[in-house]
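In: Would you be able to build a 3D model of this:
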Amino acid sequence: MDLHLPDPDAARAQARPLDRRFRHAAWMSTVFVALLVAIQAFAAMTGTSFDGLMVRPHDPAGLIGILTAPLLHASLDHLLSNALPLLVLGTLAGTLYPRASARALPVIWVASGLGAWLLGLPGSTHLGASGIAHGLLFLVFFLGLLRRDRQAIAAGMLAFFLYGGMLVTIFPHEIGISWQSHLGGAAGGLLAAIFWRRADAALPRKRYSWEDEPDEDGADAGLDRPGPPP
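Out: Take a look at the predicted model:
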C-alpha cells in the first residue's frame, strides 16, 4: 500500500509565503502601535493638548479629527486597551488578506471618524483607535463567512473567540465610550469584506492520501482492490 506521504520540500515551499506575510503584517502592526505610544508619550512629557485634532460631531472644524483622532488617546490605559486588539487583529488580517487589508484600512479609518462625527452628540469629542480595531474584527469575521475557505473560517472563528465581545460595543452601553466610532469602523470593515472578499487567493494547503478518492479500479489511491484471483 502506497501512503503518498506529503513532500517535505513542497510543504516548506507552501509555508514560505505565509511566513513572509506574517512577518510583514506583524511588523506593520507593531510599528503602528509604537507610533501611538510615541504620540502619547510626547503628549504626556510636553503637556501638549490635541483637542483641536479630535472629532467634534456636527462641527465642520471637527472633521479634521476623522484623519487624526485614531492617533490620539485620552490616557495610557485607553491606549493599552486598544494596543493588543490592534496587534492581534492587524497581524491576522494582514497575514491572510494582505490586499484586502490594504484596501480596507483607509475605509475603516474614515468610516470610524464619520460615524463619530455624524452620530455623536454636539459638544462631545471622540478620539482613539478603537474604531479601527472594530473594523478589523468585522473584516476578518465577515471574510470568514463570505469566503468559506478553511483559512478564512478558522481566522473568523479565532477573531470571534478572542474579541467577540466587541460585537456588543457598537451599540450604546457605557457612558464615555464612543460607540459611534465603533459602529462606523464596524460598518467600514463589513463593507470592505463584501467588496474585496476575492482580493486575496486562498492559501495552498497540504493534501494527504486519504483525501483522494480512488477511481473505479482503485489505481488513484495506490490500493489493491480485494477480490477473487483471476
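In: residue boundaries of the helices in this structure?
Out: 8-46, 65-68, 76-96, 98-119, 130-147, 150-163, 179-195 (DSSP state H).
In: Ok, which of those helices comes nearest residue 54?
Out: helix 65-68 (4.8 Å; CB to CB). C-beta: built from backbone N, CA, C; applies to glycine.
In: just checking, what packs against that closest one?
Out: Where contact means 3 or more CB pairs under 8 Å, 6 or more residues apart in numbering; DSSP states H and E, helix 65-68 is packed against helix 98-119.
In: what comes up buried for the helix it packs on?
Out: Neighbour counts over helix 98-119 (16 or more other CB atoms under 10 Å) mark 98, 100-101, 104-105, 107-109, 111-117, 119 as buried.
In: could you give the mean pLDDT of it?
Out: Averaged over helix 98-119, pLDDT sits at 96.
In: Just want the angle from it to helix 179-195.
Out: Counting by axes from the mean of the first three to the mean of the last three CA atoms, to 10 degrees, helix 98-119 lies at 140 degrees to helix 179-195.
In: For helix 98-119, C-alpha coordinates in CSV please.
Out: What follows is helix 98-119, C-alpha atoms only, in CSV (Å, rounded to 0.1, in the frame of the first residue of the first chain):
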residue,chain,number,x,y,z
PRO,A,98,-2.8,41.5,2.6
ARG,A,99,-4.5,43.0,-0.4
ALA,A,100,-8.0,43.3,1.1
SER,A,101,-6.5,44.7,4.3
ALA,A,102,-4.5,47.4,2.5
ARG,A,103,-7.7,48.5,0.7
ALA,A,104,-9.9,48.1,3.8
LEU,A,105,-7.8,50.2,6.3
PRO,A,106,-8.5,53.6,4.7
VAL,A,107,-12.2,52.8,4.5
ILE,A,108,-12.3,51.7,8.1
TRP,A,109,-10.3,54.7,9.2
VAL,A,110,-12.6,57.2,7.5
ALA,A,111,-15.8,55.3,8.4
SER,A,112,-14.8,55.3,12.1
GLY,A,113,-14.4,59.0,12.2
LEU,A,114,-17.5,59.7,10.1
GLY,A,115,-19.6,57.5,12.5
ALA,A,116,-18.4,59.6,15.4
TRP,A,117,-19.0,62.9,13.6
LEU,A,118,-22.4,62.1,12.3
LEU,A,119,-23.9,60.2,15.3
